[in-house]
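*Asks:* This is the structure alone, sequence omitted:
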Ligand code: DGJ
């Protein structure tokens, strides 16, 4: 077994670790790639920006061809998804060493084409949720050749070691074969991105304690990592910088000397080793077919007491600097968000130039709010709820809790909040992409605990809140409200969402009160705005205590968004004294 240093040099990547995530246009610009367009980085597909309205299948359903025949049309036709994240396991494509079987891959590409959706491969290979359960049997059964992580008790666990060249080479070879095959067969660019592995990191301990890992851990921190940290010292994320500073901000020494005592140094050591390994896998794949590639993180849960309870060394927000240093071929560091603090987590994954994509999250009403928020506020390239082959997920039932009663009739999928939300976002996609790039977009996600928000956008402040009764405006309803807002011209906004009301306060010199000049409800057909109703009167009067609102510098009128029929509105404002 070779050391980490040998691994890195095998793939000649040492110097690349210092290069920032470069977004280079491919020679064929139709090939999916990331491109900086104005104020946003966007995914380009067939030469045009593409908003990823996705869903992730449960882990193995894509190997069940019969079941998938039912699932595909629902996702594309009823939930309005334009992309499906699907597992492709190492075991499925290389059941025997060196013999590749791409039948499932071909079927998935053909079905995606038939249903007019795109695909993201989830490369379940060396690791899936930290464990190596999707490695082929010939890998699992040859422990001496494909070594595993050893934990504190001395036991080995079903987690392939990052410190083995054999592990890395076998994974990278299979991934390269998958990407070569994808390039050869996928002429219409169904496959637009790849997730590398799944929620990597050591479980059961903060680090690998095999003799090879102990030996690497006792050595100095690799020079390329130290150089990166020194070079980017000013830009390091605060939670990482704190750890380095607390240990004396040394620029050389062993892992424990530079990063202090356990388990911080353990986790950082694992982060570097996972990042180097995954980077080498990404490089091998990109050599065959270079499309955007990302990793996903198991977000630290309240019950996770330390690294090892959550996968130690994964791309958690506090490890981003290590991943940036070690994995320049990885384009995006992505969060799997099941915790309620969606806004806080997406903010942490939108720092230091990381472009947001949420590969796993909710698919119910919360999911609708999440999608709007990520795309509108954090300029995400897309969103994806997990487990979408199971309609119960779209109704808000989780995998472990109660399920819909057997007596309950199946829901009308098209009218579920998430389907309605995607239908809206799909219509708005061209406008959203334009305004992400111009920086003239914002979003809100509100609930009873956080019922109001002020957002500066264009020449106004948008006072966004959960809808209130006109006569009792101080009573807060128990609703999830969400919206996406675009400043489309002077005094003009395009607004969409559900369970929100919005008033406007001028934010530039001039008359201080904003009134509604014109308000339209409508939808987009082939990119063209079609008015379904002219709004006014009861549609726009939000309060009757006109004297009080006049004192507050308000008109008392505004916009009330409610999906599905009042979900998209265009308003023109005017100002008066
Ligand atoms: C997160 C993983 O990444 C998914 O593959 C899946 O196992 C879910 N957890 C289960 O909720």
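*Replies:* Good, I have the coordinates. Bear in mind that the values here come from a model prediction, so they are computed numbers and not experimental data.
*Asks:* doesn't residue 555 make contact with residue 514?
*Replies:* Yes. With contact defined as CB atoms under 8 Å, residue 514 reaches residue 555; the gap is 6.4 Å. (C-beta placed from N, C-alpha, C; glycine too.)
*Asks:* so residue 556 touches residue 516, yeah?
*Replies:* No. Under the criterion of CB under 8 Å, residue 556 is not in contact with residue 516, lying 10.3 Å apart.
*Asks:* quick check, residue 279 in a strand?
*Replies:* No. Counting by DSSP: H, G, I helix; E, B strand; the rest coil, residue 279 falls outside a strand, being helix.
*Asks:* Nearest residue to it in space, please, no chain neighbours.
*Replies:* Excluding the flanking residues, the one nearest residue 279 by CB to CB, 6 or more residues apart in numbering is residue 327, at 3.9 Å.
*Asks:* Report the contact partners of that neighbour.
*Replies:* Residues counted as contacts of residue 327 (CB atoms under 8 Å, 6 or more residues apart in numbering) are 275-276, 278-279, 282, 295.
*Asks:* Reformat those residues as JSON lines; add pLDDT and distance to the ligand.
*Replies:* Output for the contacts of residue 327, formatted as JSON lines (pLDDT from 0 to 100; distance: CB to the nearest ligand atom, whole Å):
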{"residue": "275", "pLDDT": "99", "distance to the ligand": "18"}
{"residue": "276", "pLDDT": "98", "distance to the ligand": "22"}
{"residue": "278", "pLDDT": "99", "distance to the ligand": "15"}
{"residue": "279", "pLDDT": "98", "distance to the ligand": "20"}
{"residue": "282", "pLDDT": "98", "distance to the ligand": "18"}
{"residue": "295", "pLDDT": "99", "distance to the ligand": "11"}
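*Asks:* Export the residues you listed as TSV, with columns for neighbour count and distance to residue 542.
*Replies:* Listed next are those as TSV, based on neighbours: other CB atoms under 10 Å; distance: CB to CB, whole Å:
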residue	neighbour count	distance to residue 542
275	28	51
276	26	56
278	30	51
279	25	53
282	27	51
295	25	45
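*Asks:* ranges for the strands of the stretch 201-350 of the chain?
*Replies:* 293-298, 332-336 (DSSP state E, counting those that start in this stretch).
*Asks:* Distance to residue 394 added to those strands, as JSON lines?
*Replies:* Formatted as JSON lines, those follow (distance: least, CB to CB, whole Å):
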{"stretch": "strand 293-298", "distance to residue 394": "21"}
{"stretch": "strand 332-336", "distance to residue 394": "18"}
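*Asks:* what are the pairing partners of the longest strand seen in the chain, and which direction each?
*Replies:* When the chain is parsed with DSSP state E, its longest strand is strand 513-525. Strand 513-525 pairs in its sheet with strand 528-534 (antiparallel), strand 568-576 (antiparallel), by DSSP bridges.
*Asks:* surely residue 210 meets residue 150?
*Replies:* Yes. Using CB under 8 Å, residue 210 is in contact with residue 150, at 4.1 Å.
*Asks:* Need the contact partners of the longest strand of the chain.
*Replies:* Where contact means CB under 8 Å, 6+ apart, the residues beyond strand 513-525 that reach it are 427-428, 430-431, 460, 491, 503-506, 529-536, 539-540, 553-555, 557-559, 565-566, 568-577.
*Asks:* Are any of those residues buried, and if so which?
*Replies:* By neighbour count, with 16 or more other CB atoms under 10 Å, the contacts of strand 513-525 hold 427-428, 431, 460, 491, 503-506, 535, 539-540, 554-555, 557-559, 566, 568-571, 573, 575 as buried.
*Asks:* in the stretch 451-577 of the chain, which spans are helices?
*Replies:* Secondary structure of the stretch 451-577 of the chain by DSSP state H, counting those that start in this stretch: the helices cover 546-551.
*Asks:* Thank you, goodbye.
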